[in-house]
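Asks: Sharing a model that was predicted from the sequence below.
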Amino acid sequence: MNGKGHDTVCRRCGICCEKGGPGLHHEDSPLVENGNIPAKCLYTIRCGELVRDDIRGSLAPLAEEIVKIKGQAGKWTCLFYDRQEHGCRIYDHRPIECRVLNCRDTGPIEQIYDKARLTRRDLLTTVAGLWELVEDHERRCSYAQLGAWVREGTLENDAFKQEEAIFETLRYDAHIRQLAVEKGGLDADLLPFVFGRPLTETIRMFGIDLIKRNGAYGLVRSRVRQGK
Ligand code: SF4
């Protein structure tokens, strides 16, 4: 019990781990560098991606990127959560967000939540050649630019004004991933961390879908806008 009379002992219900893995902070950097949390267990939510603002209840572009632990089995549940044991597989090496989280007193996590976030730059600048690729990808596949093109979309004649520019960006995103794996020898599991999630998936957050019709790709307005 704490001073306010609330029970603060974790009941191992697992709800917080099932809601998603934690974002990492500078303090977590040794966990990645020492391999306690392998980089292939991470993914990046890039600057400009639309994420849910729980206070306003709407989607808002992310101001600074977040490096997070991946989900498992296509769900948000943290990769390290063991459902059968109701426990964390890396408990002794869990990140700071998990160490300070108390679902009955959110004060401590609110204090650190958006501070000193770990970024790809912190982890990748020492890997020869890779950081330059990430910077190039950021320039050519910027979410700010994509969002602006989508907003210009009118769907007149069933086509977006900037459809070709959007396609070109999607093609480049796919190309750089393939190149990094096939020519650069990058482990494919590292792609969501190094380049973020594929644009062919995240483009939905702008309310459009990529579809294949009569053998050709096209963009259509989606009924669902989704972010993380
Ligand atoms: S790292 Fe461990 S404690 Fe943190 S969300 Fe994942 S399973 Fe839960």
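Replies: That came in fine, so what should we check first?
Asks: The top helix by length along the chain: which residues count as buried?
Replies: When the chain is parsed with DSSP state H, its longest helix is helix 163-182. Using 16 or more other C-beta atoms under 10 Å as the test for burial, helix 163-182 gives 163, 166, 169, 170, 173, 176, 177, 180. In short, each C-beta sits where N, CA and C put it, glycine included.
Asks: Show me what it is packed up against.
Replies: When contacts are defined as 3 or more C-beta pairs under 8 Å, 6 or more residues apart in numbering; DSSP states H and E, helix 163-182 sits against helix 130-140, helix 143-152, helix 191-194, helix 199-202, strand 216-221.
Asks: which residues are in contact with it?
Replies: For helix 163-182, contacts defined as C-beta atoms under 8 Å, 6 or more residues apart in numbering pick out 133, 136-137, 140-141, 145-146, 149-150, 153, 160, 186-188, 191, 194-195, 198-200, 203, 210, 217-219.
Asks: In ChimeraX, select just the buried ones from those residues.
Replies: Applied in ChimeraX, the following selects the buried portion of the contacts of helix 163-182 according to 16+ other C-beta under 10 Å:
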select :133,137,141,145,146,149,150,153,160,186,191,194,195,199,203,210,219
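Asks: domains of the protein?
Replies: Listed domain ranges for the chain are 15-120, 127-221 (source: automatic domain parsing).
Asks: Report the separation between residue 151 and the ligand.
Replies: Applying C-beta to the nearest ligand atom, to the nearest Å, the value for residue 151 to the ligand is 35 Å.
Asks: do residue 167 as well
Replies: Per C-beta to the nearest ligand atom, residue 167 is found 37 Å from the ligand.
Asks: Please apply the same query to residue 37.
Replies: Distance from residue 37 to the ligand, counting by C-beta to the nearest ligand atom: 8 Å.
Asks: show me the contacts for the spatially most central residue of the chain.
Replies: The residue lying closest to the centre of the chain (C-alpha atoms, centre = their mean) is residue 45, at 2.8 Å. Residue 45 makes contact with 51, 62, 65, 66, 68, 196, 197, 228 under the criterion C-beta under 8 Å, 6+ apart.
Asks: ok, so of those, who is nearest the ligand?
Replies: Distances from the ligand to those, taken as C-beta to the nearest ligand atom, are shortest for residue 68 (9.8 Å).
Asks: Let me see the mean pLDDT of the helix or strand harbouring that closest one.
Replies: Assigned by DSSP states H and E, residue 68 belongs to strand 66-69. Here strand 66-69 scores 97 as its mean pLDDT.
Asks: now for that strand, which elements pack on it?
Replies: Checked by 3+ C-beta pairs under 8 Å, 6+ apart, strand 66-69 has strand 42-45 packed alongside it.
Asks: Only C-alpha atoms, please: export the helix or strand just after the strand it packs on in CSV.
Replies: Next helix or strand after strand 42-45 toward the C-terminus (DSSP H and E): strand 50-53. In CSV, the C-alpha atoms belonging to strand 50-53 read as follows (Å, rounded to 0.1, in the frame of the first residue of the first chain):
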residue,chain,number,x,y,z
LEU,A,50,-0.6,9.6,-37.0
VAL,A,51,-1.0,8.4,-33.5
ARG,A,52,-4.0,8.5,-31.2
ASP,A,53,-4.1,11.5,-28.9
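Asks: Give the pairing partners of strand 50-53; include direction for each.
Replies: Sheet pairing for strand 50-53, assigned by DSSP bridges, gives strand 58-61 (antiparallel).
Asks: so how far is the strand it pairs with from its chain's centroid?
Replies: Centre-to-centre, strand 58-61 and its host chain are 14 Å apart (C-alpha atoms, centre = their mean, to the nearest Å).
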